[in-house]
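Peer 1: Give me coordinates for this.
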Amino acid sequence: MNFFDFGSKLLRSTFHSSPIDIPYNGHIELITGNYKNIKFPVIFKQNSGKNLLDILDTGHANLFLISEKLKSVLMENELTGWKTYPIKLFDKKNSTILGYHGFSITGRCGPINYEKSTIIEERLIPTGPLVRFYKGRFFDVKNWDKSDFFLPEETIRITVNKKTSEILKKEKISNLILEPLEAQKTMIVNTSKKYN
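Peer 2: Got it, this is the predicted structure:
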């Protein structure tokens, strides 16, 4: 399918911060770019790590801060389906850190179709029970708005096309993981469907 999951390496050494004083589920509004209850600039405060890379984690899955370098790469290559929002970023000593932006995804596609996925079983820990996963995330491209960055319906999983993945790799964006959708695993939770 030539689509990729966009994420961070979740390195402990990378600067991590958390948003301060956002409403319940405000991180969803920030990721999706629907800022109904958000006051700007959003304040982020360091809670661990020290290395300032191109993608910074925030304690919420897929809520990222991006560097000025990454923003410039996206703009110069005219990539679509994203926008930034104003933030103030502080370290543990309350010193201001400049050069970062909040990152929202405005592109969309239809829902993930797990009917096309393979069912696999793995142990999360060596002595634990077998856990079922869907391997592969697929969607109908007819329901994709053709944005370079996009979110499947009812998820906050950031997805990019092949062109975008190649640009980001070429530019050596730090703290970035791009995993093909065919390799993605999603835990099966509370399913009533029986599989052989």
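
Peer 1: Please name the bridge partners of Val42.
Peer 2: Ile87 (DSSP bridges).

Peer 1: now Lys83
Peer 2: Under the criterion used (DSSP bridges), Lys83 bridges to Ser104.

Peer 1: check contacts around it.
Peer 2: Lys83 makes contact with Gly33, Ser104, Thr106, according to CB atoms under 8 Å, 6 or more residues apart in numbering. For glycine as for every other residue, the C-beta is placed from the backbone atoms N, C-alpha and C.

Peer 1: While we're on the last one, how confident is the model there?
Peer 2: Per-residue pLDDT puts Thr106 at 98.

Peer 1: quick one, what contacts it?
Peer 2: Counted by CB under 8 Å, 6+ apart, Thr106 has contacts Thr32, Gly33, Gly81, Trp82, Lys83, Ser147, Phe149.

Peer 1: got it, and the first one?
Peer 2: Counting by CB under 8 Å, 6+ apart, Gly33 touches Lys83, Tyr85, Ser104, Ile105, Thr106.

Peer 1: circling back: mind putting the contacts of Thr106 into a markdown table with secondary structure, pLDDT and distance to Thr186?
Peer 2: Shown next, in a markdown table, are those (DSSP: H, G, I helix; E, B strand; the rest coil; pLDDT from 0 to 100; distance: CB to CB, whole Å):
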| residue | secondary structure | pLDDT | distance to Thr186 |
| --- | --- | --- | --- |
| Thr32 | helix | 98 | 19 |
| Gly33 | coil | 98 | 23 |
| Gly81 | coil | 98 | 22 |
| Trp82 | strand | 98 | 23 |
| Lys83 | strand | 98 | 27 |
| Ser147 | coil | 98 | 22 |
| Phe149 | strand | 98 | 20 |
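
Peer 1: How many neighbouring residues does Tyr114 have?
Peer 2: 17 (other CB atoms under 10 Å).

Peer 1: which residue is nearest the middle of the protein?
Peer 2: Asn62 (3.1 Å; CA atoms, centre = their mean).

Peer 1: is it true that that one lies in a strand?
Peer 2: No: looking at Asn62 with DSSP: H, G, I helix; E, B strand; the rest coil, it is coil, so not inside a strand.

Peer 1: nearest spatial neighbour of it, skipping sequence neighbours?
Peer 2: Ile156 (4.9 Å; CB to CB, 6 or more residues apart in numbering).
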